[in-house]
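Asks: let me see the structure of the following:
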Amino acid sequence: MSDALLREAICRFAASLYRRGLTPGASGNISARTGDGGLLVTPTGSSFGALDPARLSRLDASGALVDGDPPTKEMPLHQAFYETRKGAGAVVHLHSTHSVALSMLPETDPDCVLPPLTAYSVMRLGRVRLLPYFRPGDPAMGDAVRGLAGRRSAVLLANHGPVVAGRDLEAAVWAMEELEETAKLTLLTRGLGPVGLNDAQIADIVKHYGVEW
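Replies: You can find the predicted model right below:
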């Protein structure tokens with residue numbers, strides 16, 4: 001995909017996420033790999049609802065800003081996913097309400113935040129790890145992701161929001177939407193004894209789709 005098309009796609013997906021209330025105000029950020037190994041990134045302090053394709057941050061393969069506005073302060077987080085997951089083509093981070101709520105509940109399992117309630121959450125996300133609270137922009141967030149050694153494509157930052165890496169922009173956005181919807185299901189069914197997928201059903205999905213679980 002050309003840089004021009006990728007710029008348009010980032011702004012289109014961001015606007016869709018914003019219109020549906022999945023990340024408010026000037027929160028959230030997106031990055032995507034360009035054909036030359038660089039990145040296009042949403043600028044710091046920008047709103048998903050009003051992105052200008054021409055002002056997206058353009059980074060070269062070394063991570064240096066070569067065009068556009070300064071990138072999100074969460075770049076250490078994005079870079080850590082690209083470094084540890086070689087197939088990653090895009091990273092999406094939101095401040096979506098249900099996921100953030102789940103991150104603050106003491107009964108949430110830090111090794112598997114989302115119970116296996118649906119097949120698509122297992123297929124698109126695998127196990128989602130809860131990471132501790134970090135100040136926004138703290139480079140330690142990147143170190144925490146590196147500590148997972150590429151074994152997780154999605155994490156939830158406590159009191160902050162989810163982060164998902166995908167093979168391309170579309171896959172990352174769709175996986176993020178699945179994460180937020182599953183967080184909503186988890187909260188809606190908490191305490192009601194929901195019947196999720198059993199071990200055999202999960203194993204079948206893992207085998208059939210090559211899921212990391």
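Asks: what is the burial count for Leu59?
Replies: Neighbour count for Leu59, taken as other C-beta atoms under 10 Å: 22. All C-beta atoms are positioned from the backbone trio N, CA, C, and that covers glycine.
Asks: apart from its chain neighbours, what residue comes closest to it?
Replies: Leu39 (4.4 Å; C-beta to C-beta, 6 or more residues apart in numbering).
Asks: secondary structure class for the residue most central in space within the chain?
Replies: In the chain, the residue lying closest to the centroid (C-alpha atoms, centre = their mean) is Val164, at 2.2 Å. Here Val164 is recorded as strand under DSSP: H, G, I helix; E, B strand; the rest coil.
Asks: hmm, back to that, any idea of the pLDDT on the residue nearest to Leu59?
Replies: The model reports Leu39 with a pLDDT of 98.
Asks: what do you get for Met176?
Replies: 98.
Asks: go ahead and confirm it touches Pro162.
Replies: Yes: if you go by C-beta atoms under 8 Å, Met176 and Pro162 touch, sitting 6.6 Å apart.
Asks: now for those two: what residues contact both?
Replies: Residues touching both Met176 and Pro162 (C-beta atoms under 8 Å, 6 or more residues apart in numbering): 94, 96.
Asks: which of those two has more neighbours?
Replies: Ranked by neighbour count (other C-beta under 10 Å), Met176 and Pro162 place Met176 first, with 32 against 29.
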